[in-house]
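Asks: Prediction below, plus the sequence it came from.
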Amino acid sequence: MNLFRLFSRSQSAPAARERLQVLLAHERASAGDSDLVIKLRDEILRAISKHMQIDSEKVGVKLERGIQVSTLVVDVEIPFDAARKAA
Amino acid sequence: MGKVIVVTSGKGGVGKTTSTAALGAALAQNGEKVVVVDFDVGLRNLDLVMGAERRVVYDLVNVIQGEAKLTQALIRDKRVETLYLLPASQTRDKDNLTPEGVEKVIAALKSAFDWVICDSPAGIERGATLAMRHADVAIVVTNPEVSSVRDSDRIIGLLDSKTLKAENGEQMEKHLLLTRYDSSRAERGDMLKVDDVLEILSIPLLGIIPESMDVLRASNVGAPVTLADGRSAPAMAYFDAARRLKGESLPVTIPGERRGLFGKIFGRKAA
């Protein structure tokens, strides 16, 4: 039985190699994305806060990658009287 | 001015400290003036692997805090005249490592030694980024194992973004040191091969250290493996890696591989 297993067992290194290649391709791409989202968030925040007071905690920026279309969702919550104050 | 090298990896336990000690000793055995610096504050171990654990009086944190002079903290190796150790602190808070303090110490060491080899803590936290910040050259230590390769990829990313060299728009020189390699398992297809790891990480190869009892035996007695048994397979591999660091171009042989059968593939290009 043991001898049989020795001969029939498939190699594990090719699986390791393939899993790593897929994983790292994904991780390298997403690492770049999160940087981009942070930069976008900062710049959008700066632009908006020139004109009205906003709470930096209440700004959401999300980038969703689709196959054909990617969407950038910017969600800014404006306090009740912020616009009036700035104006 | 000396060269500053950081020995790093994402994952722990892959052989950073062993490699720091072995490469440092190998360079010093060839007459170069070397200091090995332990950046693993809180979990120091380089002193133990170097066999100097009972000679530590002052450490890196003492020097950075201004409580001791650099010359007081440096420990000279008893076996090799040109080899020195700057130990890490075990008891202190690791936040005592300040970027300014580290910069000062590295600058001072750089002017006094040919090689400053920094043993980085594992992970991607402050300690690791401080250790790599001032490096001229990085040695990424990796085991032929999925988790180690993945974490090395992460570290390579950090080397290309969080170091002074990267911030100045320069390319950080990076080398791969593959440790615990078992060529018979690789041949059987049960361990990632050298070429697999090189293809995935795509940085040049500095050396392949074979899996060997000699590494454990050396650390048991507190000697870098190149000093404990200079004729052993891992010691020879470290000696070769040290020569490549100095710019020599040696072909990298895969330790333990059957030469007759696989002799053709030996002409691998070195780092």
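Replies: Perfect, thanks for sending it.

Asks: Tell me how far the residue in chain A positioned nearest to chain B lies from residue B:23.
Replies: Using C-beta to the nearest C-beta, the closest approach of chain A to chain B is made by residue A:11 at 2.9 Å. The C-beta positions use only the backbone N, C-alpha and C, and glycine is treated the same way. From residue A:11 across to residue B:23, the span is 33 Å (C-beta to C-beta, to the nearest Å).

Asks: what do you get for residue A:56?
Replies: For residue A:56, the distance to residue B:23 equals 47 Å [C-beta to C-beta].

Asks: So these two - more neighbours on which side?
Replies: residue B:23 (27 against 9; other C-beta atoms under 10 Å in any protein chain shown).

Asks: and the more buried one, what is it in contact with?
Replies: Applying C-beta atoms under 8 Å, 6 or more residues apart in numbering or on different chains, we find residue B:23 in contact with B:5, B:7, B:117, B:139, B:238, B:241, B:242, B:245.

Asks: what helix or strand is the first one on?
Replies: Element membership for residue B:5, per DSSP states H and E: strand B:3-8.

Asks: And for that strand, what's in contact with it?
Replies: When contacts are defined by C-beta under 8 Å, 6+ apart, strand B:3-8 is touched by residues B:16, B:19-20, B:23, B:106, B:109-110, B:114-120, B:128, B:131-132, B:134-141, B:155, B:159, B:177, B:245.

Asks: Just the ones in strands from these, please.
Replies: Residues of the contacts of strand B:3-8 located in strands (DSSP state E): B:115, B:116, B:117, B:118, B:119, B:137, B:138, B:139, B:140, B:141, B:177.

Asks: interface residues of the stretch 51-200 of chain B facing chain A?
Replies: B:145-146, B:149-150, B:153-154, B:157, B:186, B:188-193, B:196, B:200 (C-beta under 8 Å from any C-beta of the partner chain).

Asks: From the contacts of residue B:23, keep the buried residues only.
Replies: B:5, B:7, B:117, B:139, B:238, B:241, B:242, B:245 (16 or more other C-beta atoms under 10 Å in any protein chain shown).

Asks: is the fourth one in a bridge, and if so with what?
Replies: Beta-bridge pairing for residue B:139 (DSSP bridges): residue B:7, residue B:175.

Asks: which helices and strands sit right next to the lengthiest helix in chain A?
Replies: Longest helix in chain A by number of residues, with DSSP state H as the criterion: helix A:13-49. With contacts taken as 3 or more C-beta pairs under 8 Å, 6 or more residues apart in numbering or on different chains; DSSP states H and E, helix A:13-49 sits against strand A:59-64, strand A:71-76, helix B:146-159, helix B:194-201.

Asks: What mean pLDDT does the last one get?
Replies: Looking back up the chat, that one is helix B:194-201. Averaging pLDDT along helix B:194-201 gives 96.

Asks: what's it in contact with?
Replies: By C-beta under 8 Å, 6+ apart, the residues outside helix B:194-201 that reach it are A:13, A:16-17, A:20-21, A:24, B:140, B:142, B:144, B:149, B:152-153, B:156, B:176, B:178, B:181, B:186, B:205, B:208, B:254, B:268.

Asks: so where is the stretch 1-150 of chain B shaky, pLDDT-wise?
Replies: By pLDDT under 70, the weakly predicted segments of the stretch 1-150 of chain B are B:92.

Asks: circling back to that earlier point, export the helices and strands packed on helix A:13-49 to CSV and tack on distance to residue B:213 and mean neighbour count?
Replies: Formatted as CSV, those follow (distance: least, C-beta to C-beta, whole Å; neighbours: other C-beta atoms under 10 Å in any protein chain shown):
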stretch, distance to residue B:213, mean neighbour count
strand A:59-64, 51, 14
strand A:71-76, 56, 11
helix B:146-159, 21, 21
helix B:194-201, 21, 19
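
Asks: Quick one, which of those gets closest to residue B:41.
Replies: helix B:146-159 (18.6 Å; C-beta to C-beta).

Asks: Not counting sequence-adjacent ones, nearest residue to the residue of chain B found nearest chain A?
Replies: Nearest residue of chain B to chain A (C-beta to the nearest C-beta) works out as residue B:189 at 2.9 Å. Excluding the flanking residues, the one nearest residue B:189 by C-beta to C-beta, 6 or more residues apart in numbering or on different chains is residue A:11, at 2.9 Å.

Asks: what about the one you found, how many neighbours?
Replies: Neighbours of residue A:11 under the rule other C-beta under 10 Å: 11.

Asks: before we move on, what about residue B:51?
Replies: 21.

Asks: Does it touch residue B:223 like I think?
Replies: Yes - the pair residue B:51 and residue B:223 qualifies as a contact (C-beta atoms under 8 Å) at a distance of 5.6 Å.

Asks: Name the spans of chain A whose pLDDT lies under the cut-off.
Replies: Low-confidence segments of chain A (pLDDT under 70): A:1-9, A:31-35, A:65-67, A:82-87.

Asks: now with 80?
Replies: Scanning chain A for pLDDT under 80 picks out the ranges A:1-9, A:29-41, A:55-70, A:78-87.

Asks: So for residue B:268, what's the pLDDT?
Replies: Residue-level pLDDT assigned to residue B:268 equals 50.

Asks: got the CA positions of the helix or strand hosting residue B:28 in CSV?
Replies: Residue B:28 belongs to helix B:16-29 when assigned by DSSP H and E. The C-alpha trace of helix B:16-29 is given here as CSV (Å, rounded to 0.1, in the frame of the first residue of the first chain):
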residue,chain,number,x,y,z
LYS,B,16,17.5,35.8,8.7
THR,B,17,19.6,35.7,11.9
THR,B,18,21.5,32.6,10.8
SER,B,19,22.2,34.2,7.4
THR,B,20,23.2,37.5,9.0
ALA,B,21,25.7,35.8,11.2
ALA,B,22,27.0,33.5,8.5
LEU,B,23,27.4,36.1,5.8
GLY,B,24,28.9,38.6,8.3
ALA,B,25,31.5,36.0,9.5
ALA,B,26,32.2,34.9,6.0
LEU,B,27,33.0,38.4,4.9
ALA,B,28,35.1,39.0,8.0
GLN,B,29,37.0,35.7,7.5
